[in-house]
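**Q** give me a 3D structure for the following:
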Amino acid sequence: MMIPPKIENPLFFKLLKEEQIIPDGLITDLLNELEGNALDVLATLIQSGIGTKRQLCQLWCDSIGIAHVDLEKSLFQSDVVRKIPERFARQNYAIPIYQMGDTVTVATPIPDNIALKRQIDSIIKEPVNLVFALPQDIEWAIENEYQTNTALYEFFTKITTSKVFEADSPISEKTFKEIAGKESINQLHVCLILLGITEHTSEIQIDPEEHIARICFIINGNFHERLQIEKSVYNQLLKNLKTMAKINDAKDNDAQYRRIIFPSPGKKFDIQFLSLPTEFGEKVFLKLMDRKALQHIPRINDLYLSLNQLRRLENQVSSLKGIMLISGPSQSDYSNLAYSIIREIRSLNTQKIMTVEDSPSCLLKEVDQYQVNPKANFTRSDALKSCLNLHPNVIYVQNIKDPEITDDLRNAAETGQFIIAGINATDVFDTLFTTRLRIGSVVTSIIHQQIVRRLCDHCKEKYQLSPEEMEDLFIFDGTPKVFAYRATGCPYCRHTGYHGHIGIQELLVINDDIKNLISRNATIGDIQKKCKKDGFQGREYDGIKKVLRGLTTFEEVQSLHSS
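**A** Below is the predicted model:
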C-alpha cells in the first residue's frame, strides 16, 4: 500500500490567510484533525470545494517556488514513465511524465526534497526537472501508467476503443467474443464499473426490456444511454453482478440490496447494488461512491450556507434541544447534510450519538449506527427502541415516515434528548404540515435542502446581467452592474459545464410565535405569512445568492420550481 508523505508547510497557510480563502480557525481544526500534515489539508480543502484545485495547488507551489502539473490533464510518454521502476515510483510517490530535449519531467508531492532529486538523478541518468503533483493524482497515475496488461485491462481497452458504445443495435454475446475473446462476457460487469468510474458516473442503471436491456450512466445528474445489449448478455451480466454482490439468485422475485467494495486503480469504491423485479427482468442500480470522499464529511461551515443561515444553524446545533427536522425530495442528499450536523455536534462535545438508518451512506467515527432490516424483522421502531434503551444524547433517524415511531421521538425530545429526523418533503412548510400533528410541539427547527448542479470551475464564464434579467430578479434602478456565471463546457466536465452538485437550503427556526400558531392549529398559509413577515428567506433567495457567487446558474435554480 502506498503511504503518502507527511509535509509541513507554514508558508502555504500564511498565503491561505492572506488570500482570505478560509478562516484561521478552520486551518487550526484541519491541522489537528489531520495530524499536522499540510498535504492532507490541501487535499481536504480541494475535496470540500473551498477552493478550486488549480487555485489551491498554485498557492502551494507559490509557497515552495516550484511549478504544478495537473496529472489528470497530462499526456504521459509510456517509454519515459518506465525510466523509473514501478517499485521506486510507489515507494517514493514519483512518476516521470514526459521528456523534452534531454530533460525528463518527474511529478512528486515533494519536489523540493534534495535527497529524492539525487535518487532520481542516479536512476534516470539524464537531467531531471521535478514538478509538484497531488499525492492522490500520483497514486492514480502510477496505477494507470504501470498497470500490467491483464486480460481484464486488455478487454477494457478493446471494448472502450471499439465501436461498441456507438452501435445503433443491441450488442450480442457473439460480438463481445469477436472483439475481446471468448471469456469477455464474464468480464463485462467489471468493465462497466471501470468505465463508470473513468467517466465520473454517480450511478449505472441496467434496465431490461422484452428483447434487450439498456445500460445508462448518470453523470452530473444527466442520463446518458451508453449501451444496448441482447437479453442473453443481460442475463450473464446480471448473474455476474449478483455473484460480486454475494446475492442468492434463488430470490430473484424480491428486491435485493447489497454493498460491494470495488478496488479500482488508485482507490476503492463503495458500490450500492439494488435490483428491483420488473415485467422483463430485474432492473439494476449501481451507485458508485469513492470511499475516500465518503470518509470526508464536510463541516456545516463548508456547505456554502449564507452567513445568516450558518449562524442560526450553529445556534440550533449547540442548543441540543427538541427535534431538528431535515427534509428534501428524493435524491436531495439530506442524509449528508445530517452527517455534517452530526460531525459538528461531535466536535463540540463528547455526546453519545446513535443513528437509525435505512441505508447508511458512510460510516461515522465514534457514532453507533443501526441499519433497519425489515426482512430480519428489525424495523425502524425496533431500531429506535434499541437506541433509546442505551440513553444516547443525540439520535438521528434517517426517515420518520412510520407513524409508530413518532410517539417515541416526541417522548425522547421531551425528556432532553436531541433528535435529528429526516423526512421527504417539498419545502419547510410542507415538512411542518406533514409532521405538526404528531411532533409539532417539540420541533425546534426545520432545514430543507434540494440539490443543483455545480458549475465547473475550470470553464465557467462570467457575464453581466441584462437590465431585463435584473428587473426579473431585483428592484432595479439601472445603476449597478451585476455579474453571474454561465456553463460552457470543457474536457474536465465532459463538456457539460457542470461538475458535482451543491445544496440549496432554507432554514426555519420555530420561535414562540410559530409554536403558538401550531398549538392553535393555524393553517400553513397563516404560518407562512407570519414567517415571511419575520424575515424568512426561502430557497429561491439562497439559490440566487449562490448564482451570484458563481456556484451554479439561474437555469439550475429555476429547475427547482419546475420540479
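**Q** so H224 sits in a strand?
**A** Yes - according to DSSP: H, G, I helix; E, B strand; the rest coil, H224 belongs to a strand.
**Q** excluding sequence neighbours, find me the nearest residue to it.
**A** F217 (4.8 Å; Cβ to Cβ, 6 or more residues apart in numbering). All C-beta spots, glycine's among them, are computed from the backbone N, C-alpha and C.
**Q** burial of that neighbour, as a residue count?
**A** 22 (other Cβ atoms under 10 Å).
**Q** wait, doesn't K117 sit right on V131?
**A** No - the criterion here is Cβ atoms under 8 Å, and K117 misses it with V131 at 11.8 Å.
**Q** shared neighbours of those two, anything?
**A** Counting by Cβ atoms under 8 Å, 6 or more residues apart in numbering, the residues touching both K117 and V131 are P111.
**Q** measure the residue nearest to H224 to D534 for me?
**A** 45 Å (Cβ to Cβ, to the nearest Å).
**Q** one more: Y93?
**A** Plainly put, Y93 is 55 Å away from D534 if you go by Cβ to Cβ.
**Q** the two: which has the busier surroundings?
**A** Y93 (22 against 11).
**Q** need the nearest residue in space to the more buried one, chain neighbours excluded.
**A** I138 (5.1 Å).
**Q** list the buried ones in the helix or strand containing that neighbour?
**A** If you go by DSSP states H and E, I138 is part of helix 135-145. By neighbour count with 16 or more other Cβ atoms under 10 Å, helix 135-145 contains the buried residues P135, Q136, D137, I138, E139, W140, A141, I142, N144, E145.
**Q** likewise stretch 387-402?
**A** Using 16+ other Cβ under 10 Å as the test for burial, stretch 387-402 gives C387, L388, P392, V394, I395, Y396, V397, Q398, N399, I400.
**Q** contacting residues around stretch 452-465?
**A** Applying Cβ under 8 Å, 6+ apart, the contact partners of stretch 452-465 are 49, 52-54, 220-221, 473, 481-490, 492-493, 496-502, 504, 543, 550-553, 556-557, 559-560.
**Q** those in helices, which ones?
**A** Those of the contacts of stretch 452-465 mapping onto helices are K53, R54, L473, G543, E556, V557, S559, L560, per DSSP state H.
**Q** biggest separation within those, which pair?
**A** Comparing every pair within those by Cβ to Cβ identifies K53 and L473 as the most remote, at 31.1 Å.
**Q** between these two, point out the one with more neighbours.
**A** K53 (21 against 16).
**Q** which element is the closest residue to that one other than its chain neighbours on?
**A** Of all residues not flanking K53 in the chain, I46 sits nearest, at 4.9 Å (Cβ to Cβ, 6+ apart). Assigned by DSSP H and E, I46 falls within helix 38-48.
**Q** repeat that for N315.
**A** Counting by DSSP H and E, N315 is found in helix 307-319.
**Q** show me where the stretch 451-563 of the chain has its strands.
**A** 461-464, 483-486, 498-509 (DSSP state E, counting those that start in this stretch).
**Q** most tightly packed of these?
**A** Per residue and on average, the most neighbours among these fall to strand 498-509, with a mean of 22 (mean count of other Cβ atoms under 10 Å).
**Q** packing partners for it?
**A** Secondary-structure packing of strand 498-509 (3 or more Cβ pairs under 8 Å, 6 or more residues apart in numbering; DSSP states H and E): helix 307-319, helix 428-439, strand 443-455, helix 539-548, helix 554-562.
**Q** what residue in the protein is the furthest from its centre?
**A** In the chain, the greatest distance from the average C-alpha position (Cα atoms, centre = their mean) is reached by K125, at 43.3 Å.
**Q** and that residue, backbone torsions?
**A** phi 60, psi 30 (degrees, to the nearest 10).
**Q** use 23 as the first number for this chain going forward.
**A** Will do, 23 is the new start, and the previous item becomes K147.
**Q** and the helices in the stretch 123-272 of the chain?
**A** Taking DSSP state H, counting those that start in this stretch as the criterion, the stretch 123-272 of the chain carries its helices at 136-146, 157-167, 173-183, 195-202, 210-220, 253-266.
**Q** looking at those helices, which has the lowest confidence?
**A** Lowest mean pLDDT within the helices of the stretch 123-272 of the chain: helix 173-183, a mean of 61.
**Q** now do I468 against E225, distance only.
**A** I468 is 28 Å from E225, by Cβ to Cβ.
**Q** before we move on, what about F154?
**A** 34 Å.
**Q** just R542 next, same as before
**A** For R542, the distance to E225 equals 45 Å [Cβ to Cβ].
**Q** and these two? Which one has more around it.
**A** Taking neighbours as other Cβ under 10 Å, R542 and E225 compare with E225 leading, 20 against 8.
**Q** tell me the confidence at the residue nearest to H246?
**A** Reported pLDDT at F239 in the predicted model: 90.
**Q** could you chop this structure up by domain?
**A** As assigned by automatic domain parsing, the chain contains the domains 23-87, 173-314, 319-475+523-570.
**Q** in TSV, list those domains along with distance to S100.
**A** Output for the domains of the chain, formatted as TSV (distance: least, Cβ to Cβ, whole Å):
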stretch	distance to S100
domain 23-87	21
domain 173-314	13
domain 319-475+523-570	36
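**Q** avg pLDDT for the helix holding N337?
**A** 90.
**Q** angle of that helix against strand 520-531?
**A** 60 degrees (axes from the mean of the first three to the mean of the last three Cα atoms, to 10 degrees).
**Q** what packs against helix 329-341?
**A** When contacts are defined as 3+ Cβ pairs under 8 Å, 6+ apart, helix 329-341 packs onto helix 356-370, strand 465-477, strand 520-531.
**Q** in the stretch 23-172 of the chain, which spans are strands?
**A** Counting by DSSP E, counting those that start in this stretch, residue ranges of the strands within the stretch 23-172 of the chain are 117-122, 125-130, 150-154.
**Q** mean neighbour count, the ones you listed: which tops it?
**A** Stretch with highest mean neighbour count among these: strand 125-130 (a mean of 21; mean count of other Cβ under 10 Å).
**Q** work out the gap between that one and the centre of the chain.
**A** The chain centre lies 32 Å from the centre of strand 125-130; the measure is Cα atoms, centre = their mean, to the nearest Å.
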